[in-house]
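A.B. asks: Kindly generate the corresponding structure for this input.
(one chain, ligands or ions: 2)
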Amino acid sequence: MKAVVLVGGEGTRLRPITETMPKPLVPLVDRPSLDHVLDHLRRHGVHEVVLSSSYHEEPFRSFIRARRGDPEITWITEEMPLGTGGAIANALDALASEEAFLALNGDILTDLDITAMRERHAATGATATIALTRVEDARPFGLVATDADGRVLEFREKPRDPIPGDVNAGTYLLDPDAVRGWSTGEPVSIEREIFPSLIADGRPVFGFVSDAYWKDLGTPDQYLQAHVDLLDGRVRGQPAYPAPFLAAGASVAEGASVASHVVVGPGAAIEAGAEVSDSVLLEGARVGERSRVRRSILGPSSIVSAGAIVEDSVLGAGAVLEPDAVVRDGRIGPGQRVSSA
Ligand code: GDD
Ligand code: MG
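C.D. replies: Residues are numbered from 1 along each chain as shown. Ligands and ions are numbered 1, 2, ... in the order given. Coordinates of the predicted model:
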């Protein structure tokens, strides 16, 4: 089976991390989140993947080169963002598939049973099958109403009210026919245009409900929660990570306190007397003596100097907190310096 993975979004809500690194390349524990997506596809027998992006291939080049074996990757750069539906339709030629193919949002960590979903797609004779997941507040998602047989009655992207329900989990099985003709060169949304149009035309669109692990990685809170879940072994098919997780070349000084839900990236360092909990230190980040870091993401080569406090914050690459600086609920841009009050 073949798949198209959408990696074109701006990653706005993960700024400032995504100001210096495309969202799919932001690491999740031990490797870029896109590696997790592609490994999941490989486990379900996907051998060919089209990566579709409105961003340039350049930052992805070394990633693509470093991946060996399955699945084989073809890259498409859109001249302008084509939207989720336009990007999928635009990938049809590269996919060269007569049969149903997978289309995925590239910013999701899931252990969805794609094999079972594929069986269901074949059994129902659907034109499109949409993986669904249950949430308490559907506002950030696409709310999907189905009948007793699982047939989709309505697809409502980003509903206005905070209602619970089954939402689009961002993994689809599509017959090529479902999107053919939508490659117009103009942006097209699969959520707002293509699915509603298929439903209105009476084409068979089905939902696939499961209790799979599922997390959109788009915000700092969700990104940190995905780490907690990976470290706690809640995602099937993943290695049993030691917690806290120390990457190659990471160092934690004696006398530092590092709680279990912490990832210390390659070459990152935590010095004596520092307290770190529920946080991710990306490559080369440094946490100085007696400082405190909670529920935060420290970007590559960022520095939290001695005695500084960081809580519920995101530091961009190379950001520097000077000694005794305090940042709460903050977003500190790449290279920005913060001094103590
Ligand atoms: N190639 C390409 N071109 N990819 C795009 C484009 C584009 O113009 N626009 C968005 N993408 C990619 C993003 O990179 C992401 O992987 C995916 O399409 C979805 O875009 P998001 O911007 O992350 O959408 P969302 O999270 O607000 O909502 C989507 O995901 C939810 C589940 O997480 C929708 O599909 C919702 O219906 C769904 O519930
Ligand atoms: Mg998203």
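
A.B. asks: rest of the way, CA atoms for contacts and neighbours
C.D. replies: OK.

A.B. asks: give the contact list for the residue most central in space within the chain.
C.D. replies: Compute the mean C-alpha point of the chain, and by C-alpha atoms, centre = their mean the closest residue is Asp107, 2.4 Å away. By C-alpha atoms under 8 Å, 6 or more residues apart in numbering, Asp107 lies in contact with Val7, Lys23, Pro24, Ser33, Leu34, Asp216, Leu217, Gly218.

A.B. asks: Scan those residues and report the most crowded one.
C.D. replies: When neighbours are taken as other C-alpha atoms under 10 Å, the top entry among those is Lys23 (26 neighbours).

A.B. asks: Distance check, that one against Ala269.
C.D. replies: Per C-alpha to C-alpha, to the nearest Å, Lys23 is found 24 Å from Ala269.

A.B. asks: got it, and Met21?
C.D. replies: 21 Å.

A.B. asks: Which one's more surrounded, those two?
C.D. replies: Taking other C-alpha under 10 Å, Met21 and Ala269 do not tie; Ala269 has more neighbours (23 against 19).

A.B. asks: which non-adjacent residue is nearest Ala240?
C.D. replies: Gly233 (6.1 Å; C-alpha to C-alpha, 6 or more residues apart in numbering).

A.B. asks: List the residues that contact the one you found.
C.D. replies: Pro239, Ala240, Tyr241.

A.B. asks: And it, how far from ligand 1?
C.D. replies: Distance, Gly233 to ligand 1, using C-alpha to the nearest ligand atom, to the nearest Å: 21 Å.

A.B. asks: Next, give phi and psi for that residue.
C.D. replies: phi 70, psi 30 (degrees, to the nearest 10).

A.B. asks: And ligand 1, is stretch 157-169 touching that?
C.D. replies: Yes - legend: contact between stretch 157-169 and ligand 1 by C-alpha under 6 Å from any ligand atom is shown at Glu157, Val167, Asn168, Ala169.

A.B. asks: any idea which of the residues you listed is the one closest to Ala145?
C.D. replies: Val167 (8.4 Å; C-alpha to C-alpha).

A.B. asks: Can you tell me whether I have it right that that closest one is in a strand?
C.D. replies: Yes - counting by DSSP: H, G, I helix; E, B strand; the rest coil, Val167 is part of a strand.

A.B. asks: so it sits right up against Pro140, yeah?
C.D. replies: No - Val167 lies out of contact with Pro140 (C-alpha atoms under 8 Å); the separation is 9.4 Å.

A.B. asks: which of those two has more neighbours?
C.D. replies: Val167 (28 against 12).

A.B. asks: Write out the residues of the stretch 1-150 of the chain neighbouring ligand 1.
C.D. replies: 6-9, 52-54, 81-84, 87, 105-107, 141-142.

A.B. asks: Those in helices, which ones?
C.D. replies: Judged by DSSP state H, those include Gly83, Thr84, Ala87 as members of helices.
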